[in-house]
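Asker: Kindly return the folded structure for what I paste below:
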Amino acid sequence: MDGMTKRHGTQQYLHLIGVRELPRLTSPFDPGYDPLTVEAHLAQSAHLMASLKISMACWLIADEATTRRKIAAARAHGVPTVTGGGPFEVAAAQGQLEAYLDLCAELGVTRIECGEGFTHLAGEPGAIVRRAHARGLAVQFELGKKHEGPFTEASLREALSLGRVWLDAGAEQLVVEARESARGVGAFGDDGSLRFEYVEPFAELFGLGRVIFEAPTKASQFAFLEHFGPQVQLGNVRLEELLRVEIFRRGLHSDAFALPNLRPAHP
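Answerer: Numbering: from 1, shown residues only. Okay, here's the model as predicted:
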C-alpha cells in the first residue's frame with residue numbers, strides 16, 4: 001500500500017457513500033435447506049435478519065437433529081426463530097395445540113405464527129397467546145386466506161378487525177399473507193400486481209413496526225420497498241434473496257439508486 005491509500009472496511013465505506021444505517025427489517029425463511037446451508041447464510045447475513053422462519057412444515061418431518069441444529073445456529077447468531085402458520089393450523093384442527101406448543105418450546109423456537117389461512121380456529125386468541133407465553137413463546141398472527149383469492153373490501157375489513165383482536169390479545173406482530181407466489185392472494189392480483197389500496201390500510205392502522213408484509217418474489221419485494229421506503233418489514237424472502245433485498249432497501253441496487261426515498265444521501 002502506498003502512502004496515499006487509506007484502508008476502509010465495508011461498513012466504513014458504506015458510511016462514506018451515505019448509505020443509511022437500518023435495523024433488521026427482513027424475516028427470511030428457510031424452505032427446508034440442509035443445516036450447513038442455513039448456517040452459512042447466518043454467518044453471512046445474520047446481522048440483517050429480523051427473524052428466521054424455519055420452513056413451512058418441513059421441520060416436522062426432517063431429521064429432528066438437523067432442525068435442532070438450525071434453531072441453535074440462529075440462536076447463536078442472535079436471530080429469533082419463528083415457525084410457519086401451517087403447522088399451527090394443523091395442530092389446532094387436530095386438537096393437539098398443547099402438544100404443538102410444548103414441542104416448539106422444547107425445540108427452542110422463539111416465536112410461533114398463528115393463523116386461519118386454511119382452517120377455522122375455534123380457540124379464543126387471548127387464551128392461545130397466554131398458553132404460548134406460558135411456555136416462553138412469542139406470537140405473531142398471519143392475516144389473509146390461502147385459497148380464497150385476493151382481498152376484497154369485505155375480507156380486508158375482516159382482516160383488519162382480526163389483526164386488532166390479536167394485537168390486543170398479546171400478539172407481537174401481524175403478517176400479511178402472500179404465500180410463495182404473490183399471485184392471486186392477499187394484496188396481490190391474479191397477475192401478481194400489488195394492490196396498494198389493500199396494503200396501505202394495514203400500515204395506517206397498525207404502523208409499519210407491527211406489520212410484516214410477505215414478499216416472496218423479486219417484483220413483490222421491490223414494489224413494497226419502492227412504495228413504503230426502507231423501513232417496511234418484509235417476510236417470506238428466501239435466504240438466498242436476502243442480500244438482494246437489502247441492497248435495494250439501501251439504494252445500492254441500480255433500480256433503487258434512482259428513487260428519492262431509497263437513494264443514499266449525498267455525503
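Asker: can you give me the helices for the stretch 1-150 of the chain?
Answerer: 10-16, 35-45, 58-61, 64-76, 85-93, 97-107, 125-134 (DSSP state H, counting those that start in this stretch).
Asker: Which one of those lies nearest to residue 25?
Answerer: helix 35-45 (12.6 Å; Cβ to Cβ). Every residue, glycine included, has its C-beta placed from N, CA and C.
Asker: for the closest one, packing partners?
Answerer: strand 26-30, helix 64-76, helix 242-249 (3 or more Cβ pairs under 8 Å, 6 or more residues apart in numbering; DSSP states H and E).
Asker: so how far is the last one from its chain's centroid?
Answerer: Using Cα atoms, centre = their mean, to the nearest Å, the mean C-alpha position of helix 242-249 is found 14 Å from that of the whole chain.
Asker: Dump it to CSV, restricted to CA.
Answerer: C-alpha atoms of helix 242-249 as CSV (Å, rounded to 0.1, in the frame of the first residue of the first chain):
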residue,chain,number,x,y,z
LEU,A,242,-31.9,-11.6,1.4
LEU,A,243,-28.9,-9.7,0.3
ARG,A,244,-30.6,-8.5,-2.9
VAL,A,245,-33.5,-7.2,-0.9
GLU,A,246,-31.1,-5.4,1.5
ILE,A,247,-29.1,-3.7,-1.2
PHE,A,248,-32.4,-2.5,-2.8
ARG,A,249,-33.5,-1.3,0.7
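Asker: re earlier: now render the helices and strands packed on helix 35-45 as CSV, adding mean pLDDT, mean neighbour count and distance to residue 216.
Answerer: CSV is the format used below for those (pLDDT from 0 to 100; neighbours: other Cβ atoms under 10 Å; distance: least, Cβ to Cβ, whole Å):
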stretch, mean pLDDT, mean neighbour count, distance to residue 216
strand 26-30, 97, 24, 8
helix 64-76, 98, 17, 20
helix 242-249, 98, 20, 11
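Asker: Let me know which of those is the nearest to residue 125.
Answerer: When these are compared by Cβ to Cβ, strand 26-30 sits nearest residue 125, at 21.4 Å.
Asker: Who does the residue nearest in space to the middle of the chain form a beta bridge with?
Answerer: Closest to where the C-alpha atoms of the chain average out (Cα atoms, centre = their mean) is residue 235, at 2.5 Å. Counting by DSSP bridges, residue 235 forms beta bridges with residue 27, residue 214.
Asker: That one touches residue 29, doesn't it?
Answerer: Yes: the pair residue 235 / residue 29 is scored as a contact, 7.2 Å apart, by Cβ atoms under 8 Å.
Asker: what sits in contact with each of the two?
Answerer: Common contact partners of residue 235 and residue 29 (Cβ atoms under 8 Å, 6 or more residues apart in numbering): residue 53.
Asker: now the helices and strands packed on helix 35-45 as JSON lines including distance to residue 41?
Answerer: Putting these into JSON lines (distance: least, Cβ to Cβ, whole Å) gives the following:
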{"stretch": "strand 26-30", "distance to residue 41": "8"}
{"stretch": "helix 64-76", "distance to residue 41": "10"}
{"stretch": "helix 242-249", "distance to residue 41": "7"}
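Asker: Which one of the ones you listed lies nearest to residue 257?
Answerer: Comparing the helices and strands packed on helix 35-45 by Cβ to Cβ, helix 242-249 comes nearest, at 9.6 Å.
Asker: Would you mind listing the outside residues contacting that closest one?
Answerer: 22, 25-26, 28, 41, 44-45, 48-49, 215, 218, 221-222, 225, 230, 234, 237, 253, 255-256, 262.
Asker: again, but for stretch 102-110
Answerer: 51, 54, 67-68, 71-72, 75, 80-83, 112, 135-138.
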